[in-house]
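**Student:** Any chance you could fold what I've pasted below:
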Amino acid sequence: MHSKRLPTSFTYMTFWFPVFLVLFEFATYVSNDMSLPAMPTVVREFGAGPGQITLALTVSLLGNVALQWLLGPLSDHKGRRIVMLSGVALFVLSCSAMYWSESMPSFIALRFVQGMGVAFVAAVGYPAVHEAFDEVKAVETIALMASVALFAPLIGPVLGALVLEVAPWRTIFALIAVVGAVAGLGMAKHMPETASVTSERLSLCTIARTYRRLLGETALIRAAFAIGALAIPFMTWIALGPVIFMTNRHLGPLAYAWRQLPVIGAMSVSCLIAGQLASRISLGRLAAGGLTVVGAGAGVMVAGRLLGEGFTSAVPGFVVYAAGLGASYTALYRLALFSSDAPKGGVAAMINSILLLTMVVGVESLKRVYLCYGDWPLVVACAGIIAFGCYVGAAFLMKRLDIVPKQAVLDY
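**Tutor:** Predicted coordinates for the structure are as follows:
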């Protein structure tokens, strides 16, 4: 038996559902970025070492991975709405509990749970958008959502630094909990049901069969791996920022926050441009153009570090790279999602799990490179990872430059 709640007004749904979804996405991402300026204070308060600073972000990524495998099939089976709203409640409660954290292990554990909030957006919210809209509208909407979500790392460090000027670091998480609660109330009212809901029992065997099938789809795995590899230097920039600029260079929270703006701003603007181009060129060509800019950024990184002094000389290369990453990410993700005809919740979960695990391994590896050998090997390693990601992504795109994926509709 199948049932589906369709929106009573397409225009009404297209406005309010993405608005509250992106507000929740903003809350999940800003929980990382607002807390970054506070991390040196947190580790000092709890008596931890500098290596724990990046662990807070890595653990959040692992929390994102932890539920991906279940959320996709579960939302395919039971519906997107109920699963999404459960995730909002979990995130809000974990942020509220942070106010009473009294040790580094409890802090890290709550960051892990907060990371699960992003999993609900990626494995449940994004497929709902792809299902609700046709291809052009979906890409435009996702690109706009991505740029608004990137507003979090753009202003998050600044907001976090401003809060620290007037209040304890725990206040940051209390404010985020309020934003998450508002988003949850909005989605409870406006989110449509885009999946076919069935009363059939969901078993682990069914989930295992879904993922076994997806693991056999080489193109899907290649695309997910490429997206994850391409994002590693960007996530490393965010994760190592407090260590490079605050711990090692002794900058204050606000000075550190301003150092983040050029790279994150380039990616935000690029996402907006990608949304506008989606209706004019094929997704394959949009992704290929982005990969070209990403590769050029890797070259500028290395050249800048060769000709200049210190890590800041590589920043222009990171800016160019981020601009290409923003243009290619959305298109690559859409192409990967529709490279399989399996239910999109499971496909999204597979893609997100692979790309997030790739990022976790990459960020932790680059952290070790920087702590052990300094910024020059870090720049070279970033450039090498970008080149590898471009190669894998190009291999995925070779037969897809002009292919337009089937239109995403409310019923598969």
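**Student:** Need the contact partners of the host helix or strand of G156.
**Tutor:** Element membership for G156 (DSSP states H and E) is helix 151-166. Here helix 151-166 makes contact (C-beta atoms under 8 Å, 6 or more residues apart in numbering) with 26, 29-30, 32-38, 41, 169, 171-172, 175, 238, 241, 252-254, 256-258, 260-261, 264-265, 268. Quick note: C-beta positions are derived from backbone N, CA and C, even for glycine.
**Student:** Just the buried residues out of those residues, in PyMOL syntax.
**Tutor:** The PyMOL selection below is limited to those of the contacts of helix 151-166 classed as buried (16 or more other C-beta atoms under 10 Å):
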select buried, resi 26+29+30+32+33+34+35+36+37+38+169+172+175+238+241+253+254+256+257+260+264+265+268
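**Student:** Tell me which of the contacts of helix 151-166 fall in helices.
**Tutor:** Using DSSP state H, 26, 29-30, 32-33, 41, 171-172, 175, 238, 241, 253-254, 256-258, 260-261, 264-265, 268 are the members of those that sit in helices.
**Student:** any idea how far C205 is from L214?
**Tutor:** As for L214, its distance to C205 is 15 Å (criterion: C-beta to C-beta, to the nearest Å).
**Student:** These two: which has the busier surroundings?
**Tutor:** L214 (20 against 8; other C-beta atoms under 10 Å).
**Student:** can you give me the strands for the stretch 101-250 of the chain?
**Tutor:** For the stretch 101-250 of the chain, the strands defined by DSSP state E, counting those that start in this stretch occupy 197-198.
**Student:** Excluding covalently adjacent residues, which one is nearest to S101?
**Tutor:** With sequence-adjacent residues excluded and distances taken as C-beta to C-beta, 6 or more residues apart in numbering, S101 is closest to F107, at 4.8 Å.
**Student:** That neighbour reaches M98, doesn't it?
**Tutor:** Yes: assessed by C-beta atoms under 8 Å, F107 is found in contact with M98 at 7.3 Å.
**Student:** Look at I172 and report its pLDDT.
**Tutor:** On the pLDDT scale, I172 is placed at 93.
**Student:** Would you mind measuring from the closest residue to it other than its chain neighbours to A109?
**Tutor:** In space, and not counting its chain neighbours, I172 is closest to M34: 4.9 Å by C-beta to C-beta, 6+ apart. Computed as C-beta to C-beta, the M34 to A109 distance reads 19 Å.
**Student:** A167 now?
**Tutor:** From A167 to A109 the distance is 23 Å (C-beta to C-beta).
**Student:** quick one: which of these two has more around it?
**Tutor:** In terms of neighbours (other C-beta under 10 Å), A109 is the more surrounded of A167 and A109; the figures are 16 against 12.
**Student:** By residue count, what's the longest helix in this protein?
**Tutor:** helix 344-373.
**Student:** and the helix or strand immediately after it in the chain, what does it pack onto?
**Tutor:** Following helix 344-373 in sequence order, the next helix or strand is helix 375-397 (DSSP H and E). The contact analysis (3 or more C-beta pairs under 8 Å, 6 or more residues apart in numbering; DSSP states H and E) places helix 375-397 against helix 218-241, helix 283-307, helix 315-337, helix 344-373.
**Student:** CA atoms of helix 375-397 as CSV?
**Tutor:** The C-alpha trace of helix 375-397 is given here as CSV (Å, rounded to 0.1, in the frame of the first residue of the first chain):
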residue,chain,number,x,y,z
ASP,A,375,53.0,24.2,5.4
TRP,A,376,55.1,23.5,2.3
PRO,A,377,54.4,19.7,2.2
LEU,A,378,50.8,20.6,3.1
VAL,A,379,50.4,22.7,0.0
VAL,A,380,52.0,20.0,-2.2
ALA,A,381,49.8,17.3,-0.7
CYS,A,382,46.7,19.4,-1.3
ALA,A,383,47.7,20.0,-5.0
GLY,A,384,48.3,16.3,-5.5
ILE,A,385,44.9,15.3,-4.0
ILE,A,386,43.2,17.9,-6.3
ALA,A,387,45.0,16.5,-9.3
PHE,A,388,43.9,13.0,-8.4
GLY,A,389,40.3,14.0,-7.8
CYS,A,390,40.2,15.8,-11.2
TYR,A,391,41.5,12.7,-12.9
VAL,A,392,38.8,10.4,-11.3
GLY,A,393,36.1,13.0,-11.9
ALA,A,394,37.1,13.4,-15.5
ALA,A,395,37.0,9.6,-16.0
PHE,A,396,33.4,9.7,-14.7
LEU,A,397,32.5,12.6,-17.0
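**Student:** what is the orientation angle of it with helix 315-337?
**Tutor:** When axes from the mean of the first three to the mean of the last three C-alpha atoms, to 10 degrees is applied, the directions of helix 375-397 and helix 315-337 differ by 30 degrees.
**Student:** Right, I'll call it a day here.
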